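K.L.:
coords below, sequence missing:
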């Protein structure tokens, strides 16, 4: 059975647990949080020492796993086995067959949770696909990717309120634009913000204490160039350099933004809808945020300006890698050249 966050939360609330769960996806905070909710809910409080078994997938053997799954509960209706980052890709044919036998005949006294934290579940070989089908048939494959922008705004507002700080929806959006959408990092920045701001948090407070992500700052840099705001563009560059961001990473982030714009321009010229970008590049555009911003930005660029901008970016990349020229000078010159391209093409 395939679940996303809403379905998994409903299942936990119901207390009707399945024999096996595979918790995967791109959002590390959600995966960790829901694995804890599952294990806490499956085992009565105070009986974890007898019935909760945590295994390190990198060091445990299959024998360790099978023994834990088959152990009988003590003063509890069930046991719970949490396997963190089992490397399914490393299982040989014999191990895969043994795992398949286990998944085909799981005891009803155990909740087995595979928590794929940093190791994605592989789907390359026939046996790997068979294991995934067995988990899907016997239990739940829960995919926890990042929440929508709207849900994250509510998350920021709620977490600030928990810490005694009021924040408007607009300021919550500003946090997302500057800090990024990775939830564990968001919580860290929210802690700093609420400690600094006290009763009410403003955009100025965000600027004062929150660490800006490379992506968000590069977005601001490109937007400033499009608005002929040279001070803003150079200020964004200075922030990144002060944060000791590698010049190659800065260039890569700016290039990525222009690539988004170029792709958006091609889609627009073909008379297609923005959603086509997500269809063509599902791994790159997992949410609407980058797509929406790319289509917003291209209003100020001609197709020729976008093509020439990519050439200028490529030339800057060559300079960074093959010359002795100061990297800051290369990046500052790049900003000037990108602005000139927009006006001359």
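P.N.:
Looks like it came in fine. Remember, it's a predicted structure, so these values are computed and weren't measured experimentally.
K.L.:
residue 99 is in contact with residue 91, correct?
P.N.:
Yes. Using Cβ atoms under 8 Å, residue 91 is in contact with residue 99, at 6.5 Å. Heads up, the C-betas are built off the backbone N, CA and C, glycines and all.
K.L.:
shared neighbours, those two?
P.N.:
Common neighbours of residue 91 and residue 99 are not found (criterion: Cβ atoms under 8 Å, 6 or more residues apart in numbering).
K.L.:
how close does residue 223 sit to residue 233?
P.N.:
Per Cβ to Cβ, to the nearest Å, residue 223 is found 9 Å from residue 233.
K.L.:
settle it for me: which of the two has more neighbours?
P.N.:
More crowded of residue 223 and residue 233, by other Cβ atoms under 10 Å: residue 233, with 23 against 18.
K.L.:
mind giving me the packing neighbours of the helix or strand containing that one?
P.N.:
When elements are defined using DSSP states H and E, residue 233 is found to belong to helix 230-242. Judged by 3 or more Cβ pairs under 8 Å, 6 or more residues apart in numbering; DSSP states H and E, the packing partners of helix 230-242 are helix 214-226, helix 247-269, helix 327-344.
K.L.:
contacts for the shortest one?
P.N.:
Yep, that's helix 214-226 we're talking about. Residues from elsewhere that reach helix 214-226, judged by Cβ under 8 Å, 6+ apart: 177-180, 230-233, 235-237, 239-240, 245, 249-250, 253-254, 256-258, 293, 297, 300-301, 335, 338-339, 342.
K.L.:
from the chain's centre, how far out is it? Work that out for me.
P.N.:
Between the centre of helix 214-226 and the centre of its chain there are 20 Å (Cα atoms, centre = their mean, to the nearest Å).
K.L.:
any idea of the mean pLDDT in it?
P.N.:
Averaging pLDDT along helix 214-226 gives 91.
K.L.:
what do you get for stretch 4-12?
P.N.:
When pLDDT is averaged over stretch 4-12, the result is 96.
K.L.:
now do stretch 300-319
P.N.:
For stretch 300-319, the per-residue pLDDT values average out at 94.
K.L.:
and that stretch, how far from the chain's centre?
P.N.:
28 Å.
K.L.:
ok, for the residue of the chain positioned farthest from its centre, nearest residue in space, not its chain neighbours?
P.N.:
Largest separation from the mean C-alpha position in the chain: residue 75, at 39.3 Å (Cα atoms, centre = their mean). Distances taken as Cβ to Cβ, 6 or more residues apart in numbering put residue 47 closest to residue 75, at 5.7 Å, once the chain neighbours are dropped.
K.L.:
distance of that neighbour from residue 78?
P.N.:
10 Å.
K.L.:
which one's more surrounded, those two?
P.N.:
residue 78 (17 against 14).
K.L.:
surely that one and residue 17 touch.
P.N.:
Yes. With contact defined as Cβ under 8 Å, residue 78 counts as touching residue 17 (7.2 Å).
K.L.:
between those two, what contacts are shared?
P.N.:
Here residue 78 and residue 17 have 42, 111 as joint contacts, going by Cβ under 8 Å, 6+ apart.
K.L.:
out of the helices and strands packed on helix 230-242, which comes closest to residue 276?
P.N.:
Residue 276 sits nearest to helix 247-269 of all the helices and strands packed on helix 230-242, at 5.2 Å, using Cβ to Cβ.
K.L.:
which SSE is immediately downstream of the closest one?
P.N.:
Per DSSP H and E, helix 247-269 leads on to helix 275-280 as the next helix or strand towards the C-terminus.
K.L.:
and that next one, how far out from the chain's middle?
P.N.:
On the basis of Cα atoms, centre = their mean, the separation between the geometric centre of helix 275-280 and that of its chain is 19 Å.
K.L.:
tell me the angle the following helix or strand past that helix makes with helix 214-226.
P.N.:
In the C-terminal direction, the helix or strand that comes right after helix 275-280 (DSSP H and E) is helix 288-297. If you take axes from the mean of the first three to the mean of the last three Cα atoms, to 10 degrees, helix 288-297 sits at 10 degrees to helix 214-226.
K.L.:
residue 120 is in what secondary structure piece?
P.N.:
Per DSSP H and E: residue 120 is located in neither a helix nor a strand.
K.L.:
not counting sequence-adjacent ones, nearest residue to it?
P.N.:
Of all residues apart from its sequence neighbours, residue 24 sits closest to residue 120 (Cβ to Cβ, 6+ apart), at 6.6 Å.
K.L.:
same question, residue 254
P.N.:
residue 218 (5.1 Å).
K.L.:
wait, doesn't residue 298 sit right on residue 306?
P.N.:
Yes. The pair residue 298 / residue 306 is scored as a contact, 7.1 Å apart, by Cβ under 8 Å.
K.L.:
what residues are shared contacts of those two?
P.N.:
Where contact means Cβ under 8 Å, 6+ apart, the residues bridging residue 298 and residue 306 through contact with each are 261, 265.
K.L.:
and the helices in the stretch 101-250 of the chain?
P.N.:
Under the criterion DSSP state H, counting those that start in this stretch, helices of the stretch 101-250 of the chain are mapped to 126-138, 149-162, 169-179, 183-197, 203-209, 214-226, 230-242, 247-269.
K.L.:
what is the distance between the shortest one and the centre of its chain?
P.N.:
So that's helix 203-209. Its chain's average C-alpha position is 23 Å from that of helix 203-209, according to Cα atoms, centre = their mean.
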